[in-house]
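Undergrad: could you look at this predicted model? Sequence included:
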Amino acid sequence: MEALSRLVVFERECLGKRILKGDVIVSEESTLESSDSLPATPDRGDADVAGEIRIDIHAYDEAEEAIKAVRFAVFTAEQGVSLAEDIDGLDDRCVQLLACAGSTAVGTARMLPDAHIGRIAVLAPWRGHGIGGRMVRLLLKIARNEGHSSCYLHAQTHAIAFYEGLGFEAVGDEFIDAGIAHRKMICRF
């Protein structure tokens, strides 16, 4: 997490500019105060816990360890996806998001240069607090600012309603990826 403190934090108005590797963007919904004193897991009664989560953009090599740890916990340990299927060699070409509570990584997501959003993962104790939605909305904003007219993702079928709530529309037939049922979804701007 030392990389978090070494990186430049952009102001909200810089979101429209090209994002350079090594820079960090703090989403406009983030609250930087008091994030270092958060507990390792959220209090389920705290409806505003997502507001205390910092979501930053990283170059993959600067946050690789934290990104892999979150993805391993969610995709491999929980869902049985092999490491070979998760680690696809594309991460260094992606916009990488890392959601942190203080110095604890609790979520991650990425977007490829063609506006394909993927690898959205939030640790189980932190789900239900809007962290995943905030990461997706930030990636959508970045894609729009980079001139894309839409984004797409491959949603696990149990999460289709979640993505519909973020403006995505399911298209095409269900398919199996890594042993899990998915559907392609598109969000047009």
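TA: All right, it came through fine. If you're wondering where the values come from, they're calculated on a predicted model, not measured in any experiment.
Undergrad: got phi/psi on the residue lying closest to Leu112 once chain neighbours are set aside?
TA: Among residues not flanking Leu112 along the chain, Cys94 sits closest, at 5.4 Å (Cβ to Cβ, 6 or more residues apart in numbering). Placement of C-beta: from N, CA and C, glycine included. Dihedral angles of Cys94 (phi, psi; degrees, to the nearest 10) stand at phi -100, psi 160.
Undergrad: which residues are in contact with Cys94?
TA: Tyr60, Arg110, Met111, Leu112, Pro113 (Cβ atoms under 8 Å, 6 or more residues apart in numbering).
Undergrad: so the second one bridges to which residues?
TA: Think Arg110. With DSSP bridges as the criterion, Arg110 is bridged to Gln96, Gly118.
Undergrad: residues near it, how many?
TA: Residues near Arg110, counting by other Cβ atoms under 10 Å, number 23.
Undergrad: how near is it to Ala101?
TA: Going from Arg110 to Ala101 by Cβ to Cβ, to the nearest Å gives 20 Å.
Undergrad: same question for the first one.
TA: To Ala101, Tyr60 is 21 Å away according to Cβ to Cβ.
Undergrad: higher neighbour count, the two?
TA: Ala101 (25 against 17).
Undergrad: what's near enough to touch the residue nearest to the spatial centre of the chain?
TA: Centroid-nearest residue in the chain, with Cα atoms, centre = their mean: Ala109, separated by 2.5 Å. Ala109 is in contact with Gln96, Leu97, Ile117, Gly118, Arg119, Ile120, Ala121, Gly132, Met135, Val136, Leu139, counting by Cβ under 8 Å, 6+ apart.
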